[in-house]
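Colleague: Build me a model:
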Amino acid sequence: MRYVRSALIVLAALAATAGALRIAAGEDGWRRHRPDLPPATDRAYVEECGACHMAYPPALLTAAEWARIMDRLDAHFGDDASLDPATAARVRAYLEAHAGDRRPGVRARRRPAPATADGLPRITTTRYFLRKHDEVRRRWVVENPEVGSFANCPACHTRAAQGLFDEDDVRIPGHGRWEDD
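Modeller: Got it, this is the predicted structure:
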């Protein structure tokens with residue numbers, strides 16, 4: 001019994017020390033280890049799609065929505081974003097496998113985006129996105145030449161590439177923190 005008690009005291013001391021070290025290092029264990037959304041990691045997706053815009057976290061859309069986007073790369077939001085067949089197949093497989101409706105435990109939306117005039121799903125029209133940006137004023141984004149669009153996530157979300165979209169990390173160019181108005 002004495003050994004059990006001693007072992008428990010040692011374990012408690014180790015846990016307290018580890019916690020104190022994390023606090024001293026400014027690490028709460030959440031941001032570094034638990035991104036809001038798993039970031040894009042597929043090299044082909046990051047290189048090809050990220051050449052024109054942020055390689056959005058795949059969990060922001062459903063597998064069917066990513067399939068619709070991949071089916072229409074020749075008319076990709078007004079641009080021809082066609083890829084060679086092998087690259088397109090790889091990117092499609094990655095996006096569909098990591099979509100919001102295919103990843104258990106992902107803190108993302110799993111409901112389809114509303115239909116748009118061009119038939120393509122838009123991340124910026126999803127209920128998830130609209131709920132997260134309901135207090136952000138349009139003039140801070142759309143009318144801001146340094147941002148230009150709500151689709152330009154990295155302009156304001158300083159750690160978007162790592163899948164971190166915490167409001168504490170938001171810095172709107174020409175404005176500052178989003179709540180400073």
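
Colleague: And Glu48, how far from Tyr56?
Modeller: 13 Å (C-beta to C-beta, to the nearest Å). Yep, even glycine has a C-beta here, placed from its N, CA and C like the rest.

Colleague: Low-confidence ranges, this protein, go.
Modeller: Within the chain, the stretches with pLDDT under 70 are 1, 7-8, 10-11, 15-35, 105-112, 115, 178-181.

Colleague: switch to 50 and redo it
Modeller: Applying pLDDT under 50 to the chain flags the ranges 30-31, 33.

Colleague: Quick check: buried residues in the helix or strand hosting Ala93?
Modeller: If you go by DSSP states H and E, Ala93 is part of helix 85-97. Residues of helix 85-97 classed as buried: 88, 90-92, 94-96 (neighbour count, 16 or more other C-beta atoms under 10 Å).

Colleague: how about the residues you listed in CSV, adding distance to Ser82?
Modeller: Putting the buried residues of helix 85-97 into CSV (distance: C-beta to C-beta, whole Å) gives the following:
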residue, distance to Ser82
Ala88, 8
Arg90, 14
Val91, 12
Arg92, 13
Tyr94, 17
Leu95, 16
Glu96, 19
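
Colleague: and of these, the nearest to Trp66?
Modeller: Closest approach between the buried residues of helix 85-97 and Trp66, by C-beta to C-beta: Leu95, at 3.9 Å.

Colleague: Which residue is the nearest non-sequential neighbour of the closest one?
Modeller: Closest residue in space to Leu95, ignoring its immediate chain neighbours: Trp66 at 3.9 Å, by C-beta to C-beta, 6 or more residues apart in numbering.

Colleague: ok, now which ones touch the one you found?
Modeller: By C-beta atoms under 8 Å, 6 or more residues apart in numbering, Trp66 lies in contact with 58, 92, 95-96, 99.

Colleague: and the helix or strand harbouring it with helix 85-97, angle?
Modeller: In this structure, Trp66 sits in helix 63-71 according to DSSP H and E. Put simply, helix 63-71 runs at 160 degrees to helix 85-97, going by axes from the mean of the first three to the mean of the last three C-alpha atoms, to 10 degrees.
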